[in-house]
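Novice: Curious how this folds, go ahead:
(2 chains)
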Amino acid sequence: GAVVSQHPSWVICKSGTSVKIECRSLDFQATTMFWYRQFPKQSLMLMATSNEGSKATYEQGVEKDKFLINHASLTLSTLTVTSAHPEDSSFYICSARIGRANYGYTFGSGTRLTVV
Amino acid sequence: AQTVTQSQPEMSVQEAETVTLSCTYDTSESDYYLFWYKQPPSRQMILVIRQEAYKQQNATENRFSVNFQKAAKSFSLKISDSQLGDAAMYFCAYRVNTGTASKLTFGTGTRLQVTL
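Specialist: Residues are numbered from 1 along each chain as shown, chains lettered A, B, ... in the order given. Now for the predicted structure:
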């Protein structure tokens, strides 16, 4: 089945540094990827939609300059949290739509980011 | 804007019994898809079942079935013969069926406990 590999699964970084999260589609081409943020015991909140070869579309309230998204190829999308602060600590999940048919979406395993 | 509401923050069911999780949504669209996703403690999102709005027949997947009431905008999930492995967060999700607006909107989730 369609698999999205997300790395790292967890990361601890110091305030002010940047962290990059990668999502790779292993056995299919993901023209569109979605990035979500999930706080403890809460739902998934869409941050942005990335399309291969074009600029990402950010949801209202999401800082474009803080959460940099790059989707340079059909199999790789990255989310970089720049100048991270403790309030950026969260669980980040990527997702890709499976082909043209509406079979749903496949999700990465998530990245737990802790900023200290 | 589309919204998805899950009115049950937590539910509990005994092993081998049946439980129904509720979901309502608000939309002005007529062509859309509905999904139930499971998020176990590993936090990996797993597709449980999906329903196309144009189909009158309720979707079923083994022990999982839905009761789709389009006029009432209701989409409940029934889990039969509950198993310990069913314990997880369950999210109802909606997606309008247009090419570019393919993002998922999630409900707030229902935590399901399965007891012996």
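Novice: Now do the contacts for the residue of chain A found nearest chain B.
Specialist: Going by Cβ to the nearest Cβ, chain B is nearest to A:Phe107 of chain A, at 3.8 Å. Every residue, glycine included, has its C-beta placed from N, CA and C. Counting by Cβ atoms under 8 Å, 6 or more residues apart in numbering or on different chains, A:Phe107 makes contact with A:4, A:93-95, B:44-45.
Novice: can you pick the most crowded of the residues you listed?
Specialist: Within the contacts of A:Phe107, neighbour counts (other Cβ atoms under 10 Å in any protein chain shown) peak at A:Cys94, which reaches 29 neighbours.
Novice: Report the beta-bridge partner residues of the residue sitting nearest the centre point of chain B.
Specialist: In chain B, the C-alpha nearest the mean C-alpha coordinate belongs to B:Trp36, at 3.1 Å (Cα atoms, centre = their mean). Following DSSP bridges, B:Trp36 is listed with bridge partners B:Ile49, B:Cys92.
Novice: Quick check: phi and psi on the spatially closest residue to B:Ala59 that is not a sequence neighbour?
Specialist: Once flanking residues are discounted, B:Ala59 sits nearest to B:Gln51: 4.7 Å by Cβ to Cβ, 6 or more residues apart in numbering or on different chains. Backbone torsions for B:Gln51, taken as degrees, to the nearest 10, come to phi -140, psi 130.
Novice: And the pLDDT for the closest residue to chain A within chain B?
Specialist: Closest residue of chain B to chain A, Cβ to the nearest Cβ: B:Met45 (3.8 Å). Predicted confidence (pLDDT) for B:Met45: 94.
Novice: Could you do A:Ser73 as well?
Specialist: The model reports A:Ser73 with a pLDDT of 88.
Novice: Let me know the distance separating the closest residue to it other than its chain neighbours from A:Ser5.
Specialist: Residue nearest to A:Ser73 in three dimensions, not counting chain neighbours: A:Glu52, with 6.6 Å by Cβ to Cβ, 6+ apart. Note on A:Glu52: its distance to A:Ser5, by Cβ to Cβ, to the nearest Å, is 17 Å.
Novice: now do A:Lys55
Specialist: A:Lys55 is 24 Å from A:Ser5, by Cβ to Cβ.
Novice: Which positions in chain A make contact with chain B?
Specialist: By Cβ under 8 Å from any Cβ of the partner chain, the residues of chain A that approach chain B are A:32, A:34, A:38, A:41-44, A:46, A:49, A:91, A:93, A:95, A:97, A:102-107, A:109-110.
Novice: cutoff 7 Å now
Specialist: By the rule Cβ under 7 Å from any Cβ of the partner chain, the part of chain A lying against chain B is A:32, A:34, A:43-44, A:46, A:49, A:91, A:93, A:97, A:102, A:104-105, A:107, A:109-110.
Novice: what's the most distant pair in those?
Specialist: Pairwise distances across the residues of chain A next to chain B peak at 26.1 Å for A:Phe91 and A:Asn102 (criterion: Cβ to Cβ).
Novice: Residues of chain B that sit close to chain A?
Specialist: B:33, B:35, B:43-45, B:47, B:50, B:91, B:102-104, B:106-109.
Novice: Can you say which of the residues you listed are buried?
Specialist: Neighbour-count burial (16 or more other Cβ atoms under 10 Å in any protein chain shown) is assigned, among the residues of chain B next to chain A, to B:33, B:35, B:43, B:45, B:47, B:50, B:91, B:102-104, B:106-109.
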